[in-house]
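Peer 1: One predicted model, sequence on top.
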Amino acid sequence: MQWFFGLFLTLLSTPALIWAAHHYGWLDHPDERKHHQGAIPVVGGLAMFFAVAVSTAWHLAGTDIFWGLLTSLSIIVLVGFLDDRTGLSVRRRFLAQGVAGLIMALFAGAQLTSLGDLFGFGPVALGALAVPFTVFAVVGMANALNLSDGMDGLAGGLALIATIFLALAADFSGRERTLVALLILGGALMGFLCFNMRLPWQRRAKVFMGDCGSLMLGFLLAWAAIRVTQAEKNPLPPAAALWFFAIPLLDTVSLMLRRMLKGKSPFHPGRDHLHHILLRVGYTDNQVVRFIHLVAVAFGLVGYFGWRWGVSDAVLFYGFLAVFGLYFYGVQHAWKLMRLIVPLRRQGQTHG
């Protein structure tokens, strides 16, 4: 029933927040980097946070993780909301995210102490580096999902896919509190996607999640992943968890590397994400979103069944690195692939 709380509260709060967005000007206007039509309310993240905060207070208040988790998420949502409204410098954003990550690591029961047997020589224990590495991982995951938020339903769908796989892992690992939080989050995401996804009765998104939403989702999913990978019983290998977040991680890391190789800031805005490349090939928005979601599910299945079938951490880790290498090469030479794909698509459309 926990998922129903998240779904109901998101469905209940979103229309009210949409009204407030139009009244107070919390709107996202199209520009040279954004191809949506009209001014769209940027309150989906606030609606999901409201649902998550109220539902977790109902189910988890009094536990040792509640206040640390709620405080860190509140900081992230506030910073994201201010960034959506006025724009914050990169330094201020990362400073606030670092503080939130530190609170999460110290007071929300989520600390990376081991990376698993990544290299085949035994578990990689972090020791004194556990807290800083945890902060780095949480902030990195939050920003990876934030940068994936570029099309209707894309980031929300990716977050929902990761939530489902993590919930399965949490259930198998006996992480009951983590499972409760994930079920609540899954319901909130379903409620949000009812307003954000392109559906037969809804041609375009009625609401965006904004930075406050994408950063909150990344933080909460990173928290859950750490909790599950550091469980005492049947822990999910960290290498397997990478596959649950494959699309945001592959796209973000390769994007930053490509920009640095060109002498640009890794945080420089642009239209060079995976979904931008697929749009330039000629696929529609719906086709791009569905394709990326399908690939995300396939990657998630690799991580989940690789874990359940006893595939070694090292194989999962090196396999992920191999996929990253192929992905990086592919997007680096995307223009060559486009020269081959675009004529074939046009030929197919002509014959059709």
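Peer 2: Thanks, I have it.
Peer 1: average model confidence for the helix or strand hosting Val52?
Peer 2: Assigned by DSSP states H and E, Val52 belongs to helix 44-60. In this model, helix 44-60 has an average pLDDT of 95.
Peer 1: the inter-axis angle of whatever helix or strand comes next after it versus helix 44-60?
Peer 2: Proceeding N to C from helix 44-60, the next assigned helix or strand is helix 66-85, under DSSP H and E. Calculated by axes from the mean of the first three to the mean of the last three C-alpha atoms, to 10 degrees, helix 66-85 forms an angle of 170 degrees with helix 44-60.
Peer 1: what comes up buried for the helix holding Val52?
Peer 2: 44-53, 55-56, 59-60 (16 or more other C-beta atoms under 10 Å). For glycine as for every other residue, the C-beta is placed from the backbone atoms N, C-alpha and C.
Peer 1: where does the stretch 151-300 of the chain have low pLDDT?
Peer 2: Along the stretch 151-300 of the chain, the model assigns pLDDT under 70 to residues 267-270, 272.
Peer 1: shouldn't Trp243 be in contact with Gly306?
Peer 2: Yes. With contact defined as C-beta atoms under 8 Å, Trp243 counts as touching Gly306 (7.3 Å).
Peer 1: what do these two both touch?
Peer 2: Overlap between the contact sets of Trp243 and Gly306, as judged by C-beta atoms under 8 Å, 6 or more residues apart in numbering, is given by Leu316.
Peer 1: hang on, His276 packs against Gly150?
Peer 2: Yes. Counting by C-beta under 8 Å, His276 touches Gly150, with 7.3 Å between them.
Peer 1: Quick one: the helices in this structure, in order.
Peer 2: In the chain, the helices defined using DSSP state H lie at 2-24, 44-60, 66-85, 90-107, 130-147, 154-173, 176-196, 210-229, 238-244, 246-261, 274-281, 285-308, 313-332, 334-351.
Peer 1: Go through these and name the closest to Gly122.
Peer 2: Nearest to Gly122 among those is helix 313-332; the distance by C-beta to C-beta comes to 10.2 Å.
Peer 1: can you list contacts of the closest one?
Peer 2: 116-120, 237-240, 242-243, 246, 250, 253-254, 257-258, 272, 274, 277, 299, 302-303, 306-307, 337.
Peer 1: How far away from the center of its chain is it?
Peer 2: Chain-centre distance of helix 313-332: 19 Å, with C-alpha atoms, centre = their mean, to the nearest Å.
Peer 1: again, but for stretch 318-338
Peer 2: Per C-alpha atoms, centre = their mean, the centroid offset for stretch 318-338 relative to its chain is 21 Å.
Peer 1: again, but for stretch 253-266
Peer 2: The chain centroid and the centroid of stretch 253-266 are separated by 20 Å, computed with C-alpha atoms, centre = their mean.
Peer 1: tell me which residues of stretch 222-241 are tucked away?
Peer 2: 222-231, 235-241.
Peer 1: so where's the stretch 1-150 of the chain uncertain?
Peer 2: Short version for the stretch 1-150 of the chain, where the test is pLDDT under 70: 30-38.
Peer 1: Identify the residue nearest the geometric centre of this protein.
Peer 2: Leu145 (3.4 Å; C-alpha atoms, centre = their mean).
Peer 1: For it, which non-adjacent residue is closest in space?
Peer 2: In this structure, Leu145 finds its nearest non-sequential neighbour in Gly218, 3.8 Å apart by C-beta to C-beta, 6 or more residues apart in numbering.
Peer 1: cool, and Val79?
Peer 2: Nearest non-adjacent residue to Val79, counting by C-beta to C-beta, 6+ apart: Ala96, 4.3 Å away.
Peer 1: who's in contact with that neighbour?
Peer 2: 75-76, 79.
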